[in-house]
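# How does the following fold in three dimensions:
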Amino acid sequence: MNRSLLKIIKTQLKGAKGIWLEELPSVLWAYRTTARTTTGETPFRLAYESEAVILVEVGLTRYRVENYDESRNDEAMCFRLDLVNEVRAAAEQRLARYQDLMAKHYNSKVRHRDFQVRDLVLRKVAGTIRNPAQGKLGPNWEGPYGIASWQMRGTYHLETLDGQKLHHPWNTEHLKKYYQ
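Alright, predicted model coming up:
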């Protein structure tokens, strides 16, 4: 959400610096009244169970504004409150379908690497493992290490070649097969 808001604010204020405080309410309104890809609904509709009247529609003569009747509006709001669970359930189903599609797309690009106990692997050198004295030209992989055991698919315990076990398990993402 924050990234989306920052992107909208940057496009609104391209050349005018220092007036973001005055533009923030309109940016927030635009964010709340725009339908999301994941749910197919606006955050405003999911929260209040009614469509928002955009500020431009209030000034213009539109059917929604001209034919506003407070008593009919109250009845319609009560009726919509009865349907709020169905709308949220439909949004939840759309979100689950969207997440399934995203997972399917992501998993189609994943290269699965399964190792057996006693296989030799190289371990990725990153973060605190990297020796700062070597700089950016230091090795990216170190080893070889042997697979001592595995907890679940993709999580392995490693040991050095002389049999000393490493402290924590390693994910397949950080390992690659070592060929002698």
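
# Every contact and neighbour count from this point should use C-alpha atoms.
Fine.

# check contacts around residue 109.
Taking CA atoms under 8 Å, 6 or more residues apart in numbering as the definition of contact, residue 109 has no neighbours.

# Name the helix or strand for residue 115, please.
Residue 115 is part of no helix or strand, with elements assigned from DSSP states H and E.

# Against residue 72, how distant is residue 79?
For residue 79, the distance to residue 72 (CA to CA, to the nearest Å) stands at 11 Å.

# where along the protein do the helices fall?
2-12, 20-32, 43-48, 55-59, 63-66, 70-82, 84-109 (DSSP state H).

# now those helices in a markdown table, with mean pLDDT and distance to residue 164?
Below are the helices of the chain laid out as a markdown table (pLDDT from 0 to 100; distance: least, CA to CA, whole Å):
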| stretch | mean pLDDT | distance to residue 164 |
| --- | --- | --- |
| helix 2-12 | 76 | 45 |
| helix 20-32 | 77 | 55 |
| helix 43-48 | 77 | 54 |
| helix 55-59 | 61 | 69 |
| helix 63-66 | 66 | 75 |
| helix 70-82 | 76 | 64 |
| helix 84-109 | 87 | 34 |
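
# For residue 138, which of the ones you listed is the nearest?
Among the helices of the chain, the nearest to residue 138 by CA to CA is helix 84-109 (28.6 Å).

# what does the longest strand along the chain rub up against?
Counting by DSSP state E, the longest strand found in the chain is strand 141-152. Applying CA under 8 Å, 6+ apart, the contact partners of strand 141-152 are 115-125, 156-161, 165, 178.

# Strand partners (parallel or antiparallel) of it?
Here strand 141-152 has these sheet partners by DSSP bridges: strand 120-124 (antiparallel), strand 155-159 (antiparallel).

# Redo the ones you listed as a markdown table? Include mean neighbour count, distance to residue 28 and mean pLDDT.
As requested, the strands paired with strand 141-152 are exported to a markdown table (neighbours: other CA atoms under 10 Å; distance: least, CA to CA, whole Å; pLDDT from 0 to 100):
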| stretch | mean neighbour count | distance to residue 28 | mean pLDDT |
| --- | --- | --- | --- |
| strand 120-124 | 20 | 43 | 92 |
| strand 155-159 | 22 | 43 | 91 |
